[in-house]
Each structure stands twice: as C-alpha cells, then as structure tokens.
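Asks: The following block contains a protein sequence and its predicted model.
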Amino acid sequence: QVQLVESGGGLVQPGGSLRLSCAANGSFFSINAMGWYRQAPGKQRELVAAITSGGSTNYADSVKGRFTISRDNAKNTVYLQMNSLKPEDTAVYYCNANVRDFYTRNIRRYWGQGTQVTVSS
C-alpha cells in the first residue's frame, strides 16, 4: 500500500509564499507523474500543476509564472512552491501520484489527504 503525506499548508497574506510537500511512503516499483490539484468551496477539483518522472511540467493558466512544481525522485517527494499568492488561490490542495505496483507492475493513482491553503489579509 502507498500513502501520500502532505505538509506545508497554512494561512498567508496576499502576495506571500508557501511551499507544499508530498512524500510517497510504502512499497512500490516506481512513480510516474505526480501533481497537485486543488478544490475550493463549491467548485470542482482542478489541476494546478503536474510533473513527469523525467521532469517535464504542466501548469494551470491561473498559476503560470507564480507556482513551481518540482520533485526529488530519490526521496519520492513532490513540491509546490507558491509565490505571489492571491485570495483566489484559497483551497484544499491535494497531492496525486501515479504509482507502479512492485509485484504486478500495474499503475494506480493515489491521493493525499489534502492540506488547506488560505490566502487572506
């Protein structure tokens, strides 16, 4: 079984920064793409940023130039550096990983528990 453990959320003023981390724990063969999604109250969950195992990245238009996704494959960890935060970035942020099973080599998607990010003065 695989667990994604998130950390780094909190309350920040507009214009401030936060860094989210998500570590994959457990037994698995490899991790393919990893990403961050967010869900604001009354809205659907949306992709914020994603990164492949080779380091290629993809961002939502709303966060381009402000957020940076990165990963440390040796630590099975993905990060989201969020700068110039706006009130509309307020949401629960979820980590996501496509993990290849150690024995079957099948790929399964896992989700973190979510971490609250609140941008407010």
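Replies: That came through fine.
Asks: Please count neighbours and contacts with C-alpha atoms only from this point.
Replies: OK.
Asks: Spatially, which residue comes closest to Val2, not counting chain neighbours?
Replies: Nearest non-adjacent residue to Val2, counting by CA to CA, 6 or more residues apart in numbering: Gly26, 4.7 Å away.
Asks: for Thr68, that is, sorry about that
Replies: Thr68's closest residue in space is Gln81 (CA to CA, 6+ apart), at 5.1 Å.
Asks: Double-check that that neighbour belongs to a helix.
Replies: No - membership of Gln81 in a helix is not supported by DSSP: H, G, I helix; E, B strand; the rest coil, which gives strand.
Asks: Quick check: it touching Leu20?
Replies: Yes - in this structure Gln81 lies within contact range of Leu20 using CA atoms under 8 Å: 6.5 Å.
Asks: Looking at those two, which has the bigger crowd around it?
Replies: Taking other CA atoms under 10 Å, Gln81 and Leu20 do not tie; Leu20 has more neighbours (21 against 15).
Asks: contacting residues around that one?
Replies: Each residue near Leu20 by CA atoms under 8 Å, 6 or more residues apart in numbering is listed here: 6-9, 79-82.
Asks: Model confidence for it, exactly?
Replies: pLDDT for Leu20: 98.
Asks: Which helix or strand contains it?
Replies: Assigning secondary structure by DSSP states H and E places Leu20 in strand 18-26.
Asks: Can you list the buried residues in that strand?
Replies: 18-24 (16 or more other CA atoms under 10 Å).
Asks: among these, which two are most distant?
Replies: Maximum pairwise distance in the buried residues of strand 18-26, criterion CA to CA, is 20.1 Å, between Leu18 and Ala24.
Asks: sorry, back to before: read off the pLDDT value for the residue nearest to Thr68.
Replies: Gln81 is given a pLDDT of 98.
Asks: so how far is Asn106 from Asp61?
Replies: Separation of Asp61 from Asn106 (CA to CA, to the nearest Å): 32 Å.
Asks: Look at the spatially most central residue of the chain and report its pLDDT.
Replies: Residue closest to the average C-alpha location in the chain (CA atoms, centre = their mean): Trp36, at 2.7 Å. Note for Trp36: predicted pLDDT of 98.
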